[in-house]
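**Student:** Predicted coordinates and the sequence they were generated for:
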Amino acid sequence: MHMSHDASAPAAAEIGFDQFLAVDIRVGTIVAAEPFPEARKPAYKLTIDFGPAIGIKRSSAQITEHYALDDLPGRQVAAVVNFPPRQIGPMMSEVLTLGFPDADGKVVLFHPSVAVPDGGRLF
């Protein structure tokens, strides 16, 4: 599944609301961020707390251009929590952390403008 991250790409094909509901996007708080030297592209290993229902999950995120490791713990992020886990080098990435491309295609994390309870589902 390749998706274009280009801002000039046309909208994706129409989907039904049930397809949108099938994608479980939750908010969580980064509790730890570590270097990930084994990753093919520059990335960090994130540990994210999605609250009691989902729990603590790990994610690999290519966010090294805009974020320093020390700035990440405590930051809320959004992630798809119902994809199958994916092996990325030596780590198992359990969720897909979401972001948007800046003008150069580098990832900017997507997060709520006001703090919300961890585990809340996007609607």
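**Tutor:** Okay, I see it. Residues are numbered from 1 along each chain as shown.

**Student:** which residue ranges form the strands in the chain?
**Tutor:** In the chain, the strands defined using DSSP state E lie at 25-35, 44-49, 56-61, 76-80, 86-88, 91-93, 96-97, 99-101, 107-109.

**Student:** Please work out which of these is packed deepest.
**Tutor:** strand 44-49 (a mean of 23; mean count of other Cβ atoms under 10 Å). Quick note: C-beta positions are derived from backbone N, CA and C, even for glycine.

**Student:** Which strands or helices does it pack on?
**Tutor:** strand 25-35, strand 56-61, strand 76-80 (3 or more Cβ pairs under 8 Å, 6 or more residues apart in numbering; DSSP states H and E).

**Student:** how does it look with 10 Å?
**Tutor:** Secondary-structure packing of strand 44-49 (3 or more Cβ pairs under 10 Å, 6 or more residues apart in numbering; DSSP states H and E): strand 25-35, strand 56-61, strand 76-80, strand 91-93, strand 96-97.
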